[in-house]
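Peer 1: Here you go, sequence then predicted model.
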Amino acid sequence: KINKPQAHAAAIQQYAAKLYRNHDGGKAGLANLGNTCFLNASLQALMHCPPIVGMFLGFDIGQFQEAKRLRDREPMTKAVARKLRLVRCFIDLMRRIWTGKYSVCAPKEIVGTIMDLYRAFQNYGQHDSQEFIRCLLNGMHEALTIKAKPSNAVEQSTNAESDRSSAADAEARGTGRKERKRKRKDKLVEYSLVSDLFEGTLRSDVTCENCGNISTTCESFFDLSLEIPKEPELKRVQRERGENALPEAPQPSMFSMITNFVGLTSQPLALETLLHTFCTSSDLNNANQYRCEACNQKVDASKVLSLTRLPEVLCIHIKRFSYHLYGSKVGRQVLFKLQDLDMRPYLHPSIREEFVSTRYDLYGVVRHSGGLSGGHYVSCAKSHVTGRWFLFDDRSCQAITPESVASQQAYVLMYVRKPDPNLRRQLSRTLLAAGAEQAVDKEEQEKTNDTSDEVPYLVSWYWRQKCSYMSQPGPIDNRPLFCCHGLPLPGFAQSRLAVPIPRRGWEKLRARYGGGPAVRADAKAGCFQCDLVETRSREKERIMSLERRSARKGVDGWYIVDETWMKSWRDFIVKGEPRPGPISNGNLLRPDGSPKKGLHPAKHYRGLIAPVWRELLSIYGGGPEIVRMKISIYAPSYKPPPPRPSSSQEGIDANGEGEDSGQEMGGEIDRRDRDRDMVTEEPEGVEAEAT
């Protein structure tokens with residue numbers, strides 16, 4: 001059974017699939033709004049990578065915001081809201097580009113949002129394309145981040161490479177497997193659509209030349225920045241990684257041979273050479289000495305980098321700008337493959353043979369022409385529908401040949417991992433079998449007149465989309481259906497987050513791909529801890545609102561509250577500590593009701609305004625009531641006037657005050673009614689205002 005939200009999600013996916021297969025899509029240029037060629041070229045390269053196009057075209061940002069509200073139970077911060085606006089602008093621009101209805105699109109919204117988020121882009125000046133890509137990806141990642149409780153099956157697959165790469169580090173530090181599992185179990189996992197597409201893992205092994213100790217660290221990356229090596233570095237690459245690390249460049253022309261001989265140009269290098277240089281050891285000496293943990297001193301060391309996790313979209317940045325005394329641009333040609341770039345040689349040797357798919361195809365190139373002080377950006381992008389290459393120069397879009405693309409002086413390269421054909425066929429057969437099981441179950445129910453409906457299992461829309469557009473979707477990932485404490489979100493079965501499938505289809509999917517966790521459509525939803533987070537947020541907002549209102553009207557007396565109880569309340573609101581008990585002002589008084597000696601403000605007690613006191617008293621109860629004209633428990637007692645009701649019910653708690661307040665409000669309303677009846681020929685607007 002498909003409910004209305006799920007039908008809405010299906011409609012979004014159908015529309016996204018239509019745009020994804022549109023032969024006329026992806027040919028729109030982008031208007032230059034004032035030195036925005038860096039932005040136009042970067043967006044064209046990003047918006048033509050198939051996984052990015054497929055995942056973002058079908059991304060339902062409204063449902064994501066609703067799920068985020070249910071998951072976090074806290075008001076969205078302004079920073080996150082602004083970055084979500086960046087995601088919405090990115091999706092809207094991509095949909096306009098892929099409709100095929102426009103020859104030119106103006107990226108006004110995304111330019112304005114970028115300028116609002118990052119001050120560096122506010123002056124309409126010339127900026128770096130790679131810097132913009134990094135800011136864009138980081139901003140969207142922070143907006144789309146989901147915190148979830150680790151799922152054993154999912155995390156086992158997702159972090160397999162990280163586990164293997166950190167094994168040496170754990171052994172060096174004496175950290176056992178049980179301790180690593182305990183740390184991961186206690187820590188929430190953060191992931192997003194951007195991290196699933198662009199995030200890889202880089203391993204660094206630093207070897208002390210004094211004691212031989214190896215320190216291993218792993219860090220994630222969204223792009224690889226490669227330097228163009230010089231002759232000493234090339235000799236070291238050849239010595240450490242063999243002759244294959246320096247593939248032969250094609251025979252240059254006579255003109256190129258002459259310019260190389262006189263020193264005007266240099267012989268081209270292959271992209272593989274830059275990658276081998278990146279993974280070749282480097283010396284840490286002189287001012288760059290390494291502080292060894294075993295020797296407890298700064299020593300000479302060697303550092304080696306390797307990859308332990310490959311991203312779905314590999315963004316490679318070639319460092320062409322050198323910032324020495326005057327600064328210059330490195331114009332040496334770097335030859336790159338359009339297809340079948342193999343990343344296996346750059347993986348760590350311990351996991352090199354375990355990866356199934358390590359080959360990448362090129363889908364985007366960003367080129368910079370000019371110097372360090374100024375220039376112009378253009379991009380080449382490949383349509384995944386037609387397989388044709390296009391050159392985008394701001395508003396202009398024209399078809400070019402693959403040979404022309406290969407001759408470009410690349411600055412940023414966008415590679416997409418090739419799917420494993422066997423894995424894709426197995427996945428398609430399993431999903432079709434799951435659909436067939438659903439049809440068979442329906443036919444059997446019709447034949448046997450069985451009206452009882454078998455409760456289906458749910459699979460997240462997110463994982464279903466990964467199956468369609470990613471080369472390796474990984475195990476079933478139902479984490480978007482759960483809160484950070486591992487319990488189903490309220491209304492998850494009727495939301496646009498899940499796809500219902502029959503039990504037998506679910507069993508086949510899980511048997512082949514693993515993952516989970518398993519969740520039935522009738523599973524009990526709701527989480528006490530999440531409700532408590534929402535309660536704290538509402539209570540904090542209510543107290544702050546009462547303080548702001550009272551600050552405008554002035555203070556009429558102070559209610560003294562024990563500081564010990566106030567500290568427990570603050571810890572509950574801010575730190576999430578256990579909920580405090582009733583207000584305990586009895587610790588401040590003697591048995592006869594007089595204050596104890598030696599009490600000091602802020603150390604033993606605090607002063608609260610009347611609306612805040614009544615709000616806390618209605619929630620927690622307790623007492624007794626201690627009122628003074630100033631914040632001093634030794635001042636004379638003060639009897640404040642009764643609270644005056646208003647349309648906003650200021651001074652009255654959310655659930656209503658006591659009987660006295662209700663009677664007083666009722667009496668006030670009765671007096672208003674009598675006064676209104678005494679007025680004759682009252683204009684209609686005045687009566688409405690009085691009411």
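Peer 2: Perfect, I can see it now.

Peer 1: How many neighbouring residues does Ser637 have?
Peer 2: Applying other Cβ atoms under 10 Å, we find 10 residues neighbouring Ser637. In short, each C-beta sits where N, CA and C put it, glycine included.

Peer 1: wait, doesn't it sit right on Met629?
Peer 2: No - counting by Cβ atoms under 8 Å, Ser637 stays clear of Met629, with 9.2 Å between them.

Peer 1: Go ahead and flag the most central residue of this structure.
Peer 2: Thr145 (2.6 Å; Cα atoms, centre = their mean).

Peer 1: okay, that residue: pLDDT?
Peer 2: Among the per-residue scores, Thr145 shows a pLDDT of 89.

Peer 1: could you measure it against Ser195, distance?
Peer 2: Thr145 sits 8 Å away from Ser195 when distances are taken as Cβ to Cβ, to the nearest Å.

Peer 1: Is the closest residue in space to Ala143 that isn't next to it in sequence in a helix, a strand, or coil?
Peer 2: Using Cβ to Cβ, 6 or more residues apart in numbering and skipping the chain neighbours, the partner closest in space to Ala143 is Lys83 (3.6 Å). Using DSSP: H, G, I helix; E, B strand; the rest coil, the three-state assignment for Lys83 comes out as helix.

Peer 1: ok, and what's touching stretch 281-293?
Peer 2: Contacts with stretch 281-293, where a contact means Cβ atoms under 8 Å, 6 or more residues apart in numbering, come from 206, 208, 210-211, 213, 215, 236, 240, 297-304.

Peer 1: list the buried ones in the helix or strand hosting Ser306?
Peer 2: For Ser306, the element it lies in under DSSP states H and E is strand 301-309. When burial is assessed from 16 or more other Cβ atoms under 10 Å, strand 301-309 yields the following buried residues: Ala301, Lys303, Val304, Leu305, Ser306, Leu307, Thr308, Arg309.

Peer 1: What count of nearby residues applies to the nearest residue to the fifth one once chain neighbours are set aside?
Peer 2: Nearest-residue entry for Ser306: His348, 4.2 Å, with adjacent residues in sequence omitted and distances by Cβ to Cβ, 6+ apart. Burial measure for His348: 22 neighbouring residues, criterion other Cβ under 10 Å.

Peer 1: surely His348 meets Ser204?
Peer 2: No - applying Cβ under 8 Å as the test, His348 and Ser204 come out as separate, 10.7 Å apart.

Peer 1: Okay, now the unreliable bits of this protein?
Peer 2: Applying pLDDT under 70 to the chain picks out residues 1-9, 73-74, 149-187, 248-265, 324-327, 421-454, 485-486, 491-496, 552-554, 643-691.

Peer 1: Would you map the strands across the stretch 551-691 of the chain?
Peer 2: The residue ranges that make up the strands of the stretch 551-691 of the chain, judged by DSSP state E, counting those that start in this stretch, are 558-562, 583-584, 605-608, 622-623, 627-628.

Peer 1: Among the ones you listed, show me which one is buried the most.
Peer 2: Each of the strands of the stretch 551-691 of the chain was scored by mean neighbour count; the highest is strand 558-562, a mean of 23, by mean count of other Cβ atoms under 10 Å.

Peer 1: Just the C-alphas of that strand, formatted as PDB.
Peer 2: Written as PDB, here are the backbone C-alpha positions of strand 558-562 (Å, rounded to 0.1, in the frame of the first residue of the first chain):
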ATOM      1  CA  TRP A 558      12.500  39.300  42.700                       C
ATOM      2  CA  TYR A 559      11.800  35.600  43.500                       C
ATOM      3  CA  ILE A 560      14.700  34.000  45.400                       C
ATOM      4  CA  VAL A 561      15.700  30.500  44.200                       C
ATOM      5  CA  ASP A 562      18.300  28.200  45.700                       C
END
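
Peer 1: now that strand: how far from the chain's centre is it?
Peer 2: A distance of 43 Å separates the C-alpha centroid of strand 558-562 from that of its chain, computed with Cα atoms, centre = their mean, to the nearest Å.

Peer 1: swap in stretch 633-644?
Peer 2: Here the centre of stretch 633-644 is set off from its chain's centre by 51 Å, with Cα atoms, centre = their mean.

Peer 1: Now that stretch - C-alpha only, PDB.
Peer 2: The C-alpha coordinates for stretch 633-644 follow below in PDB (Å, rounded to 0.1, in the frame of the first residue of the first chain):
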ATOM      1  CA  ILE A 633      17.300  37.300  50.900                       C
ATOM      2  CA  TYR A 634      17.800  39.600  53.900                       C
ATOM      3  CA  ALA A 635      15.700  42.400  52.400                       C
ATOM      4  CA  PRO A 636      12.100  42.900  53.800                       C
ATOM      5  CA  SER A 637       9.500  40.600  52.400                       C
ATOM      6  CA  TYR A 638       7.500  41.900  49.500                       C
ATOM      7  CA  LYS A 639       4.000  41.000  48.300                       C
ATOM      8  CA  PRO A 640       3.900  41.500  44.500                       C
ATOM      9  CA  PRO A 641       0.600  42.600  42.800                       C
ATOM     10  CA  PRO A 642      -1.400  39.800  41.100                       C
ATOM     11  CA  PRO A 643      -0.400  39.100  37.500                       C
ATOM     12  CA  ARG A 644      -2.300  40.900  34.800                       C
END
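
Peer 1: Span of stretch 523-534 from start to end?
Peer 2: The first and final residues of stretch 523-534 sit 22 Å from each other (Cα to Cα, to the nearest Å).
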